[in-house]
Every structure is written in C-alpha cells, then in structure tokens.
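Engineer: no FASTA, just this:
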C-alpha cells in the first residue's frame, strides 16, 4: 500500500513528465516548418555534384582553416588590442579581454560563414541542403530538446521503478516525437535518417553529410578555440 507521501511524489513525477512532453509538443510547428523548408529545398535541386567536387571542398576548407579558426596565440593579440583602444581600455566590462573575447565570437563565426559560402559556390546543391539541416539541428540545440528528452526518460524510469505505474503510453508519446524528428536519446539528429525519406541516392546523402560535418566542425573548432583562449586569459590573471 502506497503512503500518502509516495503517492504525492509519484503524482509530481507524472506532472513533470507531462510538462516536458508539452514543451516538446509546443515546438512541433517550428520544427515542422524547418523540415518543410528542407523538403522544398531538396525538391528544387536539379543536379548533384560528383564526389571529386565534395573532396575539393573539404580540402579547400582545410586550407582556409587558419582564416576561420583563431589560433590560441592570437588571444595574446586581443590583450594588446584591448589596451591599445581608449574605449575598451576604460570600459568597465570590455577592458577584460576574456569578456570581449566572448562578445566577438559571433563575429568570428560570421567571417567563417562568409568564407565557407565562397568555398561552397561549386557545390551549391549539397551546401544548401547542409545549411537547412544545420538550421534544424540548431533549433534542437537552442531549445535544449536533448536535455528535455533526457529528463523525460529519467522521469519515466523513476515512475516505472519507484511508483510501479505503467509507462507504456507516455513512453510511446515520447518515442513518437523522437522518431518524427530523427532525434536520439542523447539529442543528436540523425541526418541520414531524415534524408532517407527524401528519395535521395545513398551517395548524395553521404555527400551532404560530409559537407554538413565539415561546416559544423569549423563552428565547433571556433567554440573550442574561444573556450581555450578565455581559459588561458583567466589563468594568466587577465580576466
């Protein structure tokens, strides 16, 4: 026989799961619109590029790496720039190099996007689809959908193990959402699964995946560079 406290605890878990499920449902229209744009984009493409063109793009990105991703040593330059500018030197916030480093990261990414756009002009088809996929994945990340799914699964485990309540219907609701948008339990988007539904040749899907990985890895490397750079500045006492 359940105690009053245990019943209240289990009711709270059910409420928390339903709350997270409602969060996911509220995002469906937004996600549907992005996937619709992806389908329209793919349908508008009349030709795909050969593997050689994809390879050339990858090599071009590698050769332009230093123009897009700041080297750790360049954060020393940021200290000089901050101190050389009267405005930033005297501003209570911007005089701290680690603070201004965070604020200019988006500008560095914008520069990388411009370079990538230029390099991808010869593989416009694959790059366009990759951009649409990145927009979809960004929605997943920005809305912390991976975290919501992880929490929802943890709650269901507790409901099943502690409360002895059948979680089948609630688990099916969550799995339906994850399957609809090809999202794993860790919040990762399976772009191959998404593209498989668009009647594309496997070789085309792999080309799009390669382009998407190359572009997104540049953005991840920029994030890593700024994380390491600001950490270096803080360790040196230049906060």
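Structural biologist: Right, received. Where do you want to start? Because the structure is predicted, anything quoted here is derived from the model rather than measured. Numbering: from 1, shown residues only.

Engineer: what stretches of this protein score poorly on pLDDT?
Structural biologist: Within the chain, the segments meeting pLDDT under 70 span 1-2, 236-239.

Engineer: Kindly list the longest helix within it.
Structural biologist: helix 202-235 (DSSP state H).

Engineer: Show me what counts as buried in stretch 71-81.
Structural biologist: By 16 or more other CB atoms under 10 Å, the buried positions in stretch 71-81 come out as 75-76, 78-79. In this view, the C-beta of every residue, glycine as well, is placed from N, C-alpha and C.

Engineer: Equivalent analysis for stretch 174-181, please.
Structural biologist: 174, 177-178, 181.

Engineer: And for stretch 200-207?
Structural biologist: Buried, per 16+ other CB under 10 Å, within stretch 200-207: 200, 204-205, 207.

Engineer: Equivalent analysis for stretch 113-126, please.
Structural biologist: Neighbour-count burial for stretch 113-126 [16+ other CB under 10 Å]: 115-116, 119-120, 123, 125-126.

Engineer: can you tell me the distance between the two ends of stretch 150-170?
Structural biologist: 14 Å (CA to CA, to the nearest Å).

Engineer: actually stretch 115-132, not the one I typed
Structural biologist: 18 Å.

Engineer: any chance you could map the helices in the chain?
Structural biologist: 4-26, 28-43, 51-63, 65-68, 74-84, 86-90, 97-119, 124-142, 145-158, 168-180, 191-196, 202-235.

Engineer: quick one on the thing from earlier: what's the longest helix of the chain packed up against?
Structural biologist: helix 51-63, helix 65-68, helix 74-84, helix 97-119, helix 124-142, helix 191-196 (3 or more CB pairs under 8 Å, 6 or more residues apart in numbering; DSSP states H and E).

Engineer: Tell me which other helices or strands the shortest one touches.
Structural biologist: Counting contacts by 3+ CB pairs under 8 Å, 6+ apart, the secondary-structure elements packed against helix 65-68 are helix 97-119, helix 202-235.

Engineer: What angle do helix 74-84 and the last one make with each other?
Structural biologist: To tie it back to what came earlier, the one meant is helix 202-235. The directions of helix 202-235 and helix 74-84 differ by 50 degrees, with axes from the mean of the first three to the mean of the last three CA atoms, to 10 degrees as the criterion.

Engineer: Compute the inter-axis angle for helix 202-235 and helix 51-63.
Structural biologist: Using the same axes, to 10 degrees: helix 202-235 against helix 51-63 is 10 degrees.

Engineer: for helix 202-235, which positions count as buried?
Structural biologist: 204-205, 207-212, 214-215, 218-219, 222, 225-226, 229-230, 232-233.

Engineer: got the angle between that helix and helix 124-142?
Structural biologist: Using the same axes, to 10 degrees: helix 202-235 against helix 124-142 is 50 degrees.

Engineer: Tell me what angle helix 202-235 forms with helix 97-119.
Structural biologist: Using the same axes, to 10 degrees: helix 202-235 against helix 97-119 is 160 degrees.

Engineer: and residue 219, what does it touch?
Structural biologist: Each residue near residue 219 by CB atoms under 8 Å, 6 or more residues apart in numbering is listed here: 109, 112.

Engineer: how close does it get to residue 202?
Structural biologist: 26 Å (CB to CB, to the nearest Å).

Engineer: Please apply the same query to residue 42.
Structural biologist: 15 Å.

Engineer: can you list the buried residues of stretch 174-181 in a markdown table and add distance to residue 166?
Structural biologist: Below are the buried residues of stretch 174-181 laid out as a markdown table (distance: CB to CB, whole Å):
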| residue | distance to residue 166 |
| --- | --- |
| 174 | 14 |
| 177 | 19 |
| 178 | 20 |
| 181 | 26 |
